[in-house]
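In: Any chance you can model this:
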Amino acid sequence: MLLDTAGLLCLYHADVPFHVQAVTAYQAAQQRLTHSYILAEFVALVTARRFPRLPALQYMADLLDNLAVEVVWMEEAFHREAMAFLLARVDKGYSLSSGNRQTARGYGSATFGTAAVQPRHVARFC
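Out: Down below sits the predicted model:
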């Protein structure tokens, strides 16, 4: 399961629509993957939505320590590949996180990006 920005928000806050469905999907997932750009976007999102900052940052710290979640750290090569992805799709509204979502495939868990971990990521609920 890819934990993207909207999906993390659904997991984080019980008052967000589809929180229960997101928690259920998270608990059922055999693998969980995210990347550092998504984590940065999450902090910006909770700030923009005026959620209390300290609990959101503690949630991120806990996520980083969670052995059940693999975090891919974006470096220059990832960033360049994501930029190439975006430049090839200028007609889309993709962000760098979207581009890195594509780039991270194959760099994280060996099976990330295969049918084994694509039974819909949490964000589809949000």
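In: where exactly do the strands run in this structure?
Out: 33-35, 70-72 (DSSP state E).
In: and these, which is most packed in?
Out: Among those, strand 33-35 has the highest mean neighbour count (mean count of other Cβ atoms under 10 Å), at a mean of 25. Glycine gets a C-beta too; all of them are placed from N, C-alpha and C.
In: Which other helices and strands does that one contact?
Out: Judged by 3 or more Cβ pairs under 8 Å, 6 or more residues apart in numbering; DSSP states H and E, strand 33-35 is in contact with strand 70-72, helix 96-104.
In: Out of the ones you listed, which gets the lowest mean score?
Out: Lowest mean pLDDT within the helices and strands packed on strand 33-35: helix 96-104, a mean of 56.
In: residue with max distance from the center of this structure?
Out: Largest separation from the mean C-alpha position in the chain: residue 91, at 22.5 Å (Cα atoms, centre = their mean).
In: give me phi/psi at that one?
Out: According to degrees, to the nearest 10, the main-chain angles of residue 91 amount to phi -80, psi -10.
In: Next: residue 52.
Out: According to degrees, to the nearest 10, residue 52 has phi -60, psi 130.
In: go on, residue 17?
Out: Dihedral angles (degrees, to the nearest 10) for residue 17: phi -50, psi 140.
In: got it, and residue 51?
Out: Dihedral angles (degrees, to the nearest 10) for residue 51: phi -80, psi 150.
In: any idea how far residue 91 is from the closest residue to it other than its chain neighbours?
Out: Of all residues not flanking residue 51 in the chain, residue 13 sits nearest, at 6.6 Å (Cβ to Cβ, 6 or more residues apart in numbering). Between residue 13 and residue 91 the distance is 33 Å, computed by Cβ to Cβ, to the nearest Å.
In: shouldn't residue 72 be in contact with residue 38?
Out: No - the pair formed by residue 72 and residue 38 falls short of the contact definition of Cβ atoms under 8 Å, at 9.3 Å.
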